[in-house]
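**Q** fold the following for me, if possible:
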Amino acid sequence: MALSKIVTTSNITDIIHPSNKHNKTKEIYTLEQQKLSLHGIDAIIPPFAFSMLLFFSPPPPSSNTYTINDIIDKLKNSLAEALELYPPLAGAVHCDDNDNYHIDLDPLNGRGTPFHFEIKNKPYINSGNDGNKGLLARNEEESSIPLTSESSVLAIKLTQYSCGTIAMAISVNHQVSDLHSLLDFVQVWALIARDEPIDYSRIPNDWARSPSRFFPFYDKKFTVPPAWSVHPHPVPIEKVLEHAYVPGKATVWSITRNSIHQLKTDILSSSSFKNSNKSGFPCNSLWISKSDALTALLSGALTRSRESNTNIKRPWGRSDPGSKVEKINISCNCRSRAPQGMIQSHNYFGNLVKMTESAILREDLLSPTIDATGGVALTIRTALNQELTPHTIANYLAFFDPKEMVKPLARLQLNWDILFSNWCQFDLTNAGLDFGWGKPFKGCPDSNDSTPGVCIVMNGEVPGDILISLGVELSCVEKLKADPLLTKYATLVAS
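**A** Predicted structure coming up:
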């Protein structure tokens, strides 16, 4: 393992480079193509990092094997080995003179992975018996190492508190990996740290960014998919990212397993659901998931809070005030939707996510009734059923296949009023994330997104409970907190 040091004012950060234990470095050197071109669905993501936090209890006092120094050495050496097995994470993202993005796999050009460790002379503060209220209770120093488009692809930060609790922050360039792929890597890293045999079937043998190969045998059409618009001429990047510049605040809500069940039960008993055939919903739409019900509840509450202030800024990509609809976008993992046998969970490394769009009547969202919420939930389920078939996913990927789509931000516009990201499908406390001294006792995104309209849904500390981070415009916070339907089922945790 090669190490170099970055000296800061108070801490030392090691830079981890891939090992040579598996001779993978030699394989990279012999590749004719060391520049791994990004796919269009990688490049539509702005060059920013996303991060997750894992929290671990200290090793048992009787353990002489896992002192903090042992843990650090084990993590660094196993990280070097894991990076050798996952060359894209050890590479560097570059943009050529024609604005085409690629990952440089040549180890000589990699920037290494920063591994930062620090000790805090104070105990870790959690909520104790308050369950979900403590899931997003974090100290500022737990935050991950910032990544930019010019920095490393991956960064690790380890913090130990005086009580022994360990917080691990893992950050990755989102153009290189989605959460699914990042967790695939982290679980291989943890397996190596536990000194267990490597299951090579969990590691891709092809790093090509070509997700369309998993959705063949369809008449792929180069048509603009829902949720997107194409402009004839480039626009400034500041315009494309205008959503992020609107001042907002993240409100955090928890909803128990029983409340979610009750919400769905109430919707199924509502008149809108019973009369759905008369309202134009197809017969195969007469089912909703708990997620559909929760999405409808949150979308309605946010829309009602915004309606109370007609002067709030509507950034580029939001629905026109004169239109009758609000656009609800949901980020959906496509791996499980490929034709049977075409893709296994760990076969593809990169972004394989589709943005779905539900156009919801604003009058339904503005009504704080369970009947209206039931209609919203059915509209969402109908849109998901239509947009997540293998055929529609194939067409979506085909749209982003051409090389010119690797530089789309200047012309492509994602249209959304509310954007959902669902972390619930990932168990961040599973045994596969045990690095040798025990699995995490909790895991969560690095931060609550304050971007108005962005909703992050994740598992609560209590099994079956859900925690929600919902961004809202500053002038609408109080209205959201007082929404009668939202507060009937969910509890405000922080704002």
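**Q** can we go C-alpha only for contacts and neighbour counts from here?
**A** OK.
**Q** which residues of this structure fall in helices?
**A** Under the criterion DSSP state H, helices of the chain are mapped to 24-30, 40-43, 68-85, 87-90, 179-193, 237-240, 257-268, 271-274, 290-307, 362-365, 370-387, 390-399, 477-481, 484-489.
**Q** out of everything not next to it in sequence, what's closest to residue 330?
**A** residue 420 (4.7 Å; CA to CA, 6 or more residues apart in numbering).
**Q** hang on, isn't that neighbour packed against residue 354?
**A** No - between residue 420 and residue 354 no contact is recorded; they are 11.8 Å apart, counting by CA atoms under 8 Å.
**Q** so what sits against both of the two?
**A** Taking CA atoms under 8 Å, 6 or more residues apart in numbering as the contact rule, the neighbours common to residue 420 and residue 354 are residue 331.
**Q** model confidence score at the residue lying closest to residue 290 once chain neighbours are set aside, please.
**A** Once its chain neighbours are removed from consideration, residue 290 has its nearest residue in residue 264; the separation is 6.0 Å (CA to CA, 6+ apart). What the model reports as pLDDT for residue 264 is 95.
**Q** separation between residue 264 and residue 257?
**A** In this structure, residue 264 and residue 257 are 11 Å apart, going by CA to CA, to the nearest Å.
**Q** same question, residue 477
**A** The span separating residue 477 from residue 257 equals 25 Å under the rule CA to CA.
**Q** looking at these two, which is more packed in?
**A** With neighbours defined as other CA atoms under 10 Å, residue 477 and residue 257 compare such that residue 477 has more, 19 against 16.
**Q** these two touch, right, the more buried one and residue 247?
**A** No - using CA under 8 Å, residue 477 is not in contact with residue 247, being 11.5 Å away.
**Q** what residues are up against the residue nearest to residue 290?
**A** The contact partners of residue 264, taken as CA under 8 Å, 6+ apart, are 289, 290, 293.
**Q** hmm, 10 Å instead?
**A** Residue 264 makes contact with 270, 288, 289, 290, 291, 292, 293, 294, 370, 374, 377, according to CA atoms under 10 Å, 6 or more residues apart in numbering.
**Q** residue 442 now?
**A** For residue 442, the residues meeting the contact criterion (CA under 10 Å, 6+ apart) are 53-57, 134-136, 167, 427-430, 459-461.
**Q** just the buried ones among these, please.
**A** Applying a neighbour-count criterion of 16 or more other CA atoms under 10 Å, the buried members of the contacts of residue 442 are 53-57, 134-136, 167, 427-429, 459-461.
**Q** next, give me the two most distant ones among the residues you listed.
**A** With distance counted by CA to CA, no two of the buried ones among the contacts of residue 442 lie farther apart than 57 and 459, which are 19.2 Å apart.
**Q** for the stretch 51-200 of the chain, what spans make up the strands?
**A** Listed in chain order, the strands of the stretch 51-200 of the chain (DSSP state E, counting those that start in this stretch) span 92-95, 101-104, 113-119, 154-160, 166-173.
**Q** returning to that earlier point: farthest-separated two in the contacts of residue 264?
**A** Distances among the contacts of residue 264 were taken as CA to CA; the most separated pair is 270 and 291, at 17.2 Å.
**Q** burial count for residue 249?
**A** When neighbours are counted by other CA under 10 Å, residue 249 registers 21.
**Q** I meant to write residue 120 there.
**A** When neighbours are defined as other CA under 10 Å, residue 120 has 13 of them.
**Q** what of residue 315?
**A** Using other CA under 10 Å as the criterion, residue 315 is surrounded by 18 other residues.
**Q** tell me how far it lies from residue 238.
**A** From residue 315 to residue 238 the distance is 11 Å (CA to CA).
**Q** which residues are in contact with each of the two?
**A** Counting by CA under 10 Å, 6+ apart, the shared contacts of residue 315 and residue 238 are 244, 245.
**Q** enumerate every residue touching residue 202.
**A** Applying CA under 10 Å, 6+ apart to residue 202 gives the contacts 184, 185, 187, 188, 344, 345, 346, 347, 348.
**Q** that one and residue 188, how far apart?
**A** As defined by CA to CA, residue 202 lies at a distance of 8 Å from residue 188.
**Q** state the mean pLDDT of stretch 391-405.
**A** Along stretch 391-405, the predicted confidence averages to a pLDDT of 85.
**Q** if we can go back for a sec, what residues are shared contacts of residue 264 and residue 257?
**A** Among the neighbours of residue 264, those also in contact with residue 257 (CA under 10 Å, 6+ apart) are residue 290.
**Q** how about residue 254: which residues does it bridge to?
**A** Taking DSSP bridges, one finds residue 467, residue 491 as the beta-bridge partners of residue 254.
**Q** change the start of the numbering to 151 and stick with it
**A** Yes, from this point I'll number from 151; that puts the last item at residue 404.
**Q** now do the contacts for the residue most central in space within the chain.
**A** By CA atoms, centre = their mean, the mean C-alpha position of the chain lies nearest to residue 329, the distance being 5.2 Å. Contacts of residue 329 were listed using CA under 10 Å, 6+ apart, and they are 200, 201, 202, 322, 335, 483, 500, 501, 502, 573, 576.
**Q** what about burial for those residues, which qualify?
**A** When burial is judged by neighbour count using 16+ other CA under 10 Å, the buried members of the contacts of residue 329 are 200, 201, 202, 322, 335, 483, 500, 501, 502, 573.
**Q** with respect to residue 617, which of the contacts of residue 414 is nearest?
**A** Distances from residue 617 to the contacts of residue 414, taken as CA to CA, are shortest for residue 444 (11.1 Å).
**Q** my read: the closest one touches residue 527, true?
**A** Yes - the pair formed by residue 444 and residue 527 meets the contact definition of CA atoms under 10 Å, at 8.3 Å.
**Q** ok so, going back, adding mean pLDDT and distance to residue 640, write the strands of the stretch 201-350 of the chain out as CSV.
**A** Written out in CSV, the entries for these read as follows (pLDDT from 0 to 100; distance: least, CA to CA, whole Å):
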stretch, mean pLDDT, distance to residue 640
strand 242-245, 84, 41
strand 251-254, 85, 43
strand 263-269, 92, 37
strand 304-310, 93, 32
strand 316-323, 94, 28
